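# Structure for this input, please:
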Amino acid sequence: MRIGALSVILAAALAVRGTAQAAPEPSVDVIMPQPPARATDAPAVTSARMLDDRTTRELLHSGFPARLHFRLELWEAKTFVDKEVSQVEWDVIVRYDPLARHYIVTRIAQKVTPLGTFAELKDAAEVVARQFVPDIKPPTDPKRRYYYFASLEVEMLSVTDIDEVQRWLRGEGEPMVEGKKNVGTALGRGLQTLFTRMLGGQVRTYHARSAVFRP
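Numbering: from 1, shown residues only. Next up is the predicted model:
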């Protein structure tokens, strides 16, 4: 092979690699209210590209819902050891109905909130990425410094977890939010979770932190 042709191939390979490296990664973010409102309004939490992963899409089509578990914590910034003030958690569930051929997005916080039914996954992903203001009480002491810390876990639910989601959506229980589990089915749930992990449905975790502020 001539040197000129080899140079063209190498340049093309580097260009492709550069494009792949430039692809944006999934992320979670904390969007703070303007300074005058930080003592009265909670921040918004948003996520991006959480359903872009190929394995996530394949498991969705195979009947495994995606669970996005959010947690927002309020911390007081101290000189030595910071102090957690409060926290709030909520879930967003994305399911695929193969018979109807559409995606169903639901938020589970203090109550179940349907977010819509969509024919295309990209439309469901846009709803998942929308800003959400959780029910957390902002700080009011202007003499102290605070910050918010957000975390997001994305996982594909096991068969047992799917049953719990269905019961939650029917109003028959609150296992997804309160963390109530049946100890008698722990072994079975562990095997279901292991099966999901073997398929590639690993738990992905993302974090974001606001700047330190005063109310």
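# Val112 reaches Thr106, doesn't it?
Yes - the criterion here is C-beta atoms under 8 Å, and Val112 meets it with Thr106 at 6.3 Å. Where C-beta positions appear, they are placed from N, C-alpha and C, glycine not excepted.
# Quick one: list the elements packing against the strand or helix carrying Glu89.
Here Glu89 sits within strand 83-97, counting by DSSP states H and E. With contacts defined as 3 or more C-beta pairs under 8 Å, 6 or more residues apart in numbering; DSSP states H and E, the packing partners of strand 83-97 are helix 54-61, strand 66-77, strand 102-108, helix 121-128, helix 175-178.
# Tell me the strands beside the longest one, with direction?
Applying DSSP bridges, strand 66-77 is found paired with strand 83-97 (antiparallel), strand 145-156 (antiparallel).
# for the protein, which spans come out with low pLDDT?
Within the chain, the segments meeting pLDDT under 70 span 1-23, 158-201.
# about what we covered before: dump the strands paired with strand 66-77 to CSV, plus distance to Arg71.
As requested, those are exported to CSV (distance: least, C-beta to C-beta, whole Å):
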stretch, distance to Arg71
strand 83-97, 5
strand 145-156, 5
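# Ala208: which of those strands is closest?
strand 145-156 (4.7 Å; C-beta to C-beta).
# okay, the angle between the closest one and helix 54-61?
Counting by axes from the mean of the first three to the mean of the last three C-alpha atoms, to 10 degrees, strand 145-156 lies at 60 degrees to helix 54-61.
# Check which residues of strand 145-156 are buried.
145-152, 154-156 (16 or more other C-beta atoms under 10 Å).
# Please give me every residue in contact with Leu74.
By C-beta atoms under 8 Å, 6 or more residues apart in numbering, the contact set of Leu74 is 84-87, 136-139, 146-148.
# which ones are touching the closest residue in space to it that isn't next to it in sequence?
Spatial nearest neighbour of Leu74, chain neighbours left out: Val85 (4.4 Å); criterion: C-beta to C-beta, 6 or more residues apart in numbering. Each residue near Val85 by C-beta under 8 Å, 6+ apart is listed here: 74-76, 139, 146.
# mind running it again at 7 Å?
74-76, 139 (C-beta atoms under 7 Å, 6 or more residues apart in numbering).
# circling back: present the helices and strands packed on strand 83-97 as CSV; the columns should include distance to Ile93.
Listed next are those as CSV, based on distance: least, C-beta to C-beta, whole Å:
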stretch, distance to Ile93
helix 54-61, 11
strand 66-77, 6
strand 102-108, 5
helix 121-128, 10
helix 175-178, 8
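# Among those, which comes closest to Arg209?
Comparing the helices and strands packed on strand 83-97 under C-beta to C-beta, the one sitting nearest is strand 66-77, at 8.8 Å.
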